[in-house]
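In: Sequence and predicted structure, then a few things I'm wondering about:
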Amino acid sequence: MNNLSFPEGRLLDFVALGRACVDLNANEIHRPMEDTVTFTKYVGGSPANITIGMARLGMRTGFIGRVSDDQMGRFIVRYFERNGIDTSGMITDRSGSVTGLAFTEIKSPSDCSILMYRDNVADLLLEPRDVDEAYIANAKALLISGTALAKSPSREAVFVALDYARKHGTVVLFDLDYRPYTWASPEETAVYYNLAAAQCDVILGTREEFDAMETFERNASRDDAYTANKWFGRHASIVVIKHGKDGSFAFTKEGERIEGTTFPANVVKTFGAGDSYAAGFIHGLMKGWDPARSMEYGAAAASIVISSHSCSDAMPTLEAIEDYIELCKSGRFASQS
Ligand SMILES: Nc1ncnc2c1ncn2[C@@H]1O[C@H](COP(=O)(O)OP(=O)(O)O)[C@@H](O)[C@H]1O
Ligand SMILES: O=C(O)C[C@@H](O)[C@H](O)C(=O)COP(=O)(O)O
């Protein structure tokens, strides 16, 4: 059990708002990008990845966002449709905008980076009027992603969506998804992240992402409990702070501190961990599981995705997560390192 109450009788379980983009992941791994010649194209963008993860886990999902009026935009919408994600909340932007591209460099399993091309991207052009109140009222949960707060009009669209969600009792999940290059200044980041977080029921982020929210605070020791407790006086019931391969901690409004386990992985690349963790974890919460079990599924999903080439296409099914947990717990996991 957990302390969230997801409303019954809704058409969709989970709706995400934000960017649906394209990842171009280097095929020739263990090389700098300067020397990389071929890339494989996948749907990407943190909220898109999480939605795909939720769909793989059997949830009824939908997406709110703008995509470009070109081959890339159509690629994203078609991929969503093939994965059973409702696209009726998606808008094709006809202003000449483009799809954000994330080129990934995989120099080694621990030395990975992302080169983003995000000028004039369709996702940040989401308008408040694009957000349909009835769509949010008909979902059990809404996920917002921090990058959508970086610029207007997408920023205002997020706040409109948050208002609708609070009005209709839709549970709000916030993945901080902080990408520094999207923001004008650390102060701007902290202000908008804090305004949004105050409206959310579940907040998920890495330690570094929470640091970016604490520009105006005294948390020099970067204390997770301090970070989490701030939000329990607002709407939050659960705050999760992730620490890469060292695991994660969940804090609850009732004062619990739960340490999340991690699973071994034959790591291909490190990105995608957070998005798969979010899908596994949120799925657990929506099933009514306690945070510890939800975190276990998140961590197993993350190990599966970082052992694969893509973020979105590698999102596991429930059966794959359960098999992976069983494999690791039985001591049969074969490390290739
Ligand atoms: N190298 C790793 N080995 C095993 N699990 C990992 C590894 N890196 C990340 N994870 C898992 O993924 C979760 C989220 O990873 P993290 O790197 O903190 O998020 P993000 O991708 O958002 O930066 C971690 O809590 C952990 O369970
Ligand atoms: O979020 C993006 O725009 C790029 C993602 O698709 C990407 O592959 C990635 O960085 C995943 O993020 P993470 O799960 O936080 O590592």
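Out: Done, it's in. Ligands and ions are numbered 1, 2, ... in the order given.
In: Please name the nearest non-neighbouring residue to residue 186.
Out: Excluding the flanking residues, the one nearest residue 186 by C-beta to C-beta, 6 or more residues apart in numbering is residue 215, at 5.1 Å. The way it works is simple: take the backbone N, C-alpha and C, and place the C-beta from them, glycine included.
In: what does residue 299 give?
Out: residue 262 (5.2 Å).
In: isn't the one you found right next to residue 242, touching?
Out: No: look at residue 262 against residue 242 with C-beta atoms under 8 Å: they stay out of range, at 10.3 Å.
In: more crowded one of those two?
Out: Using other C-beta atoms under 10 Å as the criterion, residue 262 and residue 242 rank with residue 242 on top: 27 against 20.
In: The closest residue to residue 46 other than its chain neighbours sits in which helix or strand?
Out: Closest residue to residue 46 apart from its sequence neighbours, by C-beta to C-beta, 6+ apart: residue 177 at 4.4 Å. Here residue 177 sits in a region with no helix or strand, counting by DSSP states H and E.
In: Which pLDDT does the model give residue 177?
Out: Looking at residue 177, its pLDDT stands at 97.
In: Verify the stated contact: it with residue 209.
Out: Yes: the pair residue 177 / residue 209 is scored as a contact, 7.5 Å apart, by C-beta under 8 Å.
In: Which of those two has more residues huddled nearby?
Out: Set residue 177 next to residue 209 and count neighbours by other C-beta under 10 Å: residue 177 wins out with 27 against 21.
In: on that earlier part again, for the residue nearest to residue 186, grab the count of nearby residues.
Out: 15.
In: mind listing what it touches?
Out: Contact partners of residue 215, counting by C-beta atoms under 8 Å, 6 or more residues apart in numbering, are 186-187, 189-190.
In: I figured residue 52 was touching residue 83, is that so?
Out: Yes: counting by C-beta under 8 Å, residue 52 touches residue 83, with 5.7 Å between them.
In: quick one: which of these two has more around it?
Out: residue 52 (32 against 17).
In: Please name the nearest non-neighbouring residue to that one.
Out: residue 312 (4.7 Å).
In: all strands of this structure, in order?
Out: With DSSP state E as the criterion, the chain has strands at 12-17, 21-26, 39-44, 61-68, 90-93, 101-108, 111-117, 139-145, 171-175, 202-206, 238-242, 248-252, 257-260.
In: Now tabulate the ones you listed in CSV and tack on distance to ligand 2.
Out: Putting these into CSV (distance: least, C-beta to the nearest ligand atom, whole Å) gives the following:
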stretch, distance to ligand 2
strand 12-17, 12
strand 21-26, 5
strand 39-44, 3
strand 61-68, 12
strand 90-93, 17
strand 101-108, 4
strand 111-117, 5
strand 139-145, 8
strand 171-175, 8
strand 202-206, 8
strand 238-242, 9
strand 248-252, 13
strand 257-260, 15
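In: Present those strands as TSV; the columns should include distance to residue 281.
Out: Listed next are the strands of the chain as TSV, based on distance: least, C-beta to C-beta, whole Å:
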stretch	distance to residue 281
strand 12-17	12
strand 21-26	21
strand 39-44	20
strand 61-68	15
strand 90-93	25
strand 101-108	23
strand 111-117	22
strand 139-145	11
strand 171-175	9
strand 202-206	7
strand 238-242	7
strand 248-252	8
strand 257-260	9
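In: Minimum distance to residue 78: which of those has it?
Out: Across those, residue 78 has its closest neighbour in strand 39-44 (9.5 Å, C-beta to C-beta).
In: Please identify the buried residues of that closest one?
Out: 39, 42-44 (16 or more other C-beta atoms under 10 Å).
In: Which ones among those residues also lie next to ligand 1?
Out: Residues of those in contact with ligand 1 (C-beta under 6 Å from any ligand atom): none.
In: Can you tell me which residues in this structure are near ligand 1?
Out: Residues of the chain lying near ligand 1 (C-beta under 6 Å from any ligand atom): 206, 242-245, 247-248, 260, 262, 265, 267, 270, 273-274, 277, 299, 302-303, 306.
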